[in-house]
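K.L.:
Sequence below, structure please.
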Amino acid sequence: SEDIPGCHILGTGLLSMGEDVEVEPGSVFDLRGGPIRLSDGVRVRAHTRLEGPAYVGHQTTILGGSLGEVSLGPLCKVRGEVESSIILGYSNKAHDGFLGHAYLGRWVNLGAFTTNSDLKNNYGPVRLGSASGPVETGLLKVGAFLGDHVKTGIGTLLNTGTVLGTGSNVFGGAMPPTYVPPFSWGAGSRLTEFRLEKFLEVASRAMGRRGVELDPEMEGLLRRAWERSREERASFP
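P.N.:
Okay, the predicted model is just below:
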């Protein structure tokens, strides 16, 4: 394991780092549950507690908080309490809020204090939202599943087993349904269709901030996804 000045390492497991990794003093790495890998260009800010097993992809920044059993990145910004979750590339959870037993696709952006539930109040098995109705998981802990290019507004609360389809944009502080069709837009259950050209405009702008172009191939893929999910939004105003 690496020796990092000013940081605390718990346990004797493996902590490995790539090139150009920057870890600020005051960070804690807990290796008692498994190894931790920090890939090239990772930044770990002070007051981060990272518990293994954990993988942090290249050029991902952890901005502080308590994280354990996670796979993050590449090129993500993550902060807050994150447990047993996967966050794919170019996604941001840059503010406080709990994310547990969750899966986030690419180019997701969570507004400040977005929080998901991963345990029912009655400690019963979780039902997962889907287009055809609830699906019994048989699991005690299941959080949220967010498709590519999902956006949440500040203070968004996601119920246990919530699914937000690709390209959906939810906001307003009201809890959305446990299943939100792809390319939906709105607050709580008051959802409407996210117009395709407007969605592509937002996606292009968000990607451009990271120096990535929405190329014709990706645009074509998103257009096909929008068309194929049209029937799911047929009941919207």
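K.L.:
The spatially most central residue of the chain bridge partners, please.
P.N.:
Closest to where the C-alpha atoms of the chain average out (Cα atoms, centre = their mean) is L104, at 3.7 Å. When assigned by DSSP bridges, L104 has beta-bridge partners I87, L146.
K.L.:
what about it, distance to L110?
P.N.:
From L104 over to L110 the distance is 8 Å, taken as Cβ to Cβ, to the nearest Å. To be clear about C-beta, it is placed using only N, CA and C from the backbone, and glycine gets the same treatment.
K.L.:
Common neighbours of these two, please.
P.N.:
K93 (Cβ atoms under 8 Å, 6 or more residues apart in numbering).
K.L.:
show me where pLDDT drops low in the chain?
P.N.:
For the chain, the stretches with pLDDT under 70 are 1-2.
K.L.:
let's go with 90 and repeat that
P.N.:
1-5, 173-174, 235, 237 (pLDDT under 90).
K.L.:
residue boundaries of the helices in it?
P.N.:
196-208, 216-228 (DSSP state H).
K.L.:
now stretch 138-157: how far from the chain's centre is it?
P.N.:
7 Å (Cα atoms, centre = their mean, to the nearest Å).
K.L.:
Also stretch 11-25?
P.N.:
Using Cα atoms, centre = their mean, the offset of stretch 11-25 from its chain centre is 23 Å.
K.L.:
CA atoms of that stretch as CSV?
P.N.:
Only the C-alpha atoms of stretch 11-25 are listed here, as CSV (Å, rounded to 0.1, in the frame of the first residue of the first chain):
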residue,chain,number,x,y,z
GLY,A,11,-6.1,-2.0,7.8
THR,A,12,-3.4,-3.9,5.9
GLY,A,13,-5.2,-4.3,2.5
LEU,A,14,-4.0,-2.9,-0.8
LEU,A,15,-4.1,0.8,-1.6
SER,A,16,-2.7,1.4,-5.1
MET,A,17,-2.4,4.6,-7.1
GLY,A,18,-1.8,5.6,-10.7
GLU,A,19,0.2,8.5,-11.9
ASP,A,20,-0.4,12.2,-10.9
VAL,A,21,-2.8,11.3,-8.0
GLU,A,22,-3.3,14.1,-5.5
VAL,A,23,-4.5,13.3,-2.0
GLU,A,24,-5.0,16.1,0.5
PRO,A,25,-4.0,15.7,4.2
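K.L.:
in it, what's buried?
P.N.:
11, 13, 15, 17, 21, 23-24 (16 or more other Cβ atoms under 10 Å).
K.L.:
do stretch 152-168 as well
P.N.:
Counting neighbours by 16+ other Cβ under 10 Å, the buried set in stretch 152-168 is 152-153, 156-168.
K.L.:
would TSV of the helices of the chain with distance to A187 and mean neighbour count be doable?
P.N.:
Formatted as TSV, the helices of the chain follow (distance: least, Cβ to Cβ, whole Å; neighbours: other Cβ atoms under 10 Å):
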stretch	distance to A187	mean neighbour count
helix 196-208	17	15
helix 216-228	21	13
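K.L.:
May I see those organised as JSON lines, with distance to R43 added?
P.N.:
Compiled in JSON lines, the helices of the chain are given as follows (distance: least, Cβ to Cβ, whole Å):
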{"stretch": "helix 196-208", "distance to R43": "21"}
{"stretch": "helix 216-228", "distance to R43": "27"}
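K.L.:
do you know how far the residue nearest to G100 when sequence neighbours are not counted is from V70?
P.N.:
Of all residues beyond its chain neighbours, the one nearest G100 is D118 (3.8 Å), with distances taken as Cβ to Cβ, 6 or more residues apart in numbering. Separation of D118 from V70 (Cβ to Cβ): 13 Å.
K.L.:
Now list whatever residues contact both of those two.
P.N.:
E83.
K.L.:
ok, back up a step: hmm, L140 and the residue nearest to G100 touching each other?
P.N.:
No - shown here, D118 and L140 do not form a contact pair, counting by Cβ atoms under 8 Å, at 9.1 Å.
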